[in-house]
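Undergrad: Give the three-dimensional model of this entry:
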Amino acid sequence: KQMACLQLLDELIAVMAPPTFSATLTKPSSIDTVDERPKRVLSIQSTVVYGVCGNKSAMFPLQLHGFDVSPINTVQFSNHTAYPKWTGTISTGQQIDELVEGLKANDLLTFPYLITGYMGGIDCLSHLKQLIESLKNNVQHFFYACDPVMGDNGQLYSPSFAPFIEVYRKDIIQYADLLTPNQTEASFLLNNMRIQTLREAYDACCKFHERYDIRYVVITSIVLDDEPDKIYIVFSDKLRPKQYGYLKIDKIHGYWVGTGDLTTALLFNWINQNPNDLAAAVQKTVATVQS
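TA: Got it, this is the predicted structure:
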């Protein structure tokens, strides 16, 4: 079972089904003009030959919802890295730049939407800022969904991801309209902030709103010390100050690859359909991923 809760700082209350927000809190934002934009998405993530993760997780559901998805693959591996061995290549920043230059030369760098996930290496990530700025300059209403893939379960995926933290902080997440870190990634991005309670998770969301002006923040998986068999998804919309929501679900034990990529893609889609109901977007996303 899922339980959606709306938390108010003045009086903490829990309500069933999606939180209801006052219409007086609604303000216009870039994504509110979504119906005027072509549904064209540039998705910059990993890909694998065997298995489903990265762009292979994101493209299909977005296409089902009517998006034209153009992928740039940051890595091309034989299979995902949870296997004992994998082979393949990691894209360099120069290779990404070459693809972008080709798009520019033909006036094709006009995507209203950008999604980024697993970047492969620091060289690739370091070239992302220039691409984001080019898209923002080319498109009147631009929406960027950023999944800062770096680590999980309290640690980085490998020591090579350590430089990612500072690049994301200084150069990338300030442009995001939707940020989807997990508990570990949110902590790293906020200077190793402790996130072990719902209040601390809400404080983390507020810091992303205030420091980086990010409208939608969804911390996609939080495990609390006193509830190891549960997962919390905590979310916040900057246009609803002093409010946040969460979903509490049973933890399905195992190692699941590609679920984060699927989660970001689905959140992006449902927010696009209704920019002013983040709670509904989270509920629909979690329902799909769990099924």
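Undergrad: Every contact and neighbour count from this point should use C-alpha atoms.
TA: Noted.
Undergrad: Could you give the separation of the one helix or strand residue 279 maps to from the chain centroid?
TA: Element membership for residue 279, per DSSP states H and E: helix 278-290. Computed by CA atoms, centre = their mean, to the nearest Å, the chain-centroid distance of helix 278-290 equals 13 Å.
Undergrad: Show me what that helix is packed up against.
TA: On a contact count with 3 or more CA pairs under 8 Å, 6 or more residues apart in numbering; DSSP states H and E, helix 278-290 meets strand 230-237, helix 259-273.
Undergrad: contacts for that helix?
TA: With CA atoms under 8 Å, 6 or more residues apart in numbering as the test, helix 278-290 has contacts from 4, 18-19, 216, 235-237, 245, 247, 259, 262-263, 266-267, 270-271, 274.
Undergrad: mean confidence score for it?
TA: Average pLDDT, helix 278-290: 94.
Undergrad: can you start the count at 44 instead of 1 from here on
TA: Happy to do that; since the first residue is 44 now, the last one works out to helix 321-333.
Undergrad: any idea of the angle that helix forms with helix 302-316?
TA: 140 degrees (axes from the mean of the first three to the mean of the last three CA atoms, to 10 degrees).
Undergrad: how about helix 321-333: buried residues?
TA: In terms of neighbour count (16 or more other CA atoms under 10 Å), helix 321-333 has its buried residues at 321-326, 328-329.
Undergrad: CA atoms only: put that helix into CSV for me.
TA: Taking C-alpha atoms only, helix 321-333 is exported to CSV below (Å, rounded to 0.1, in the frame of the first residue of the first chain):
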residue,chain,number,x,y,z
LEU,A,321,3.6,17.3,-8.0
ALA,A,322,2.0,14.9,-5.5
ALA,A,323,0.0,13.2,-8.3
ALA,A,324,3.1,13.0,-10.5
VAL,A,325,5.0,11.2,-7.7
GLN,A,326,2.1,8.8,-7.0
LYS,A,327,1.7,7.8,-10.6
THR,A,328,5.4,7.4,-11.0
VAL,A,329,5.8,5.2,-8.0
ALA,A,330,2.8,3.1,-9.0
THR,A,331,4.4,2.4,-12.4
VAL,A,332,7.8,1.6,-11.0
GLN,A,333,6.4,-0.7,-8.3
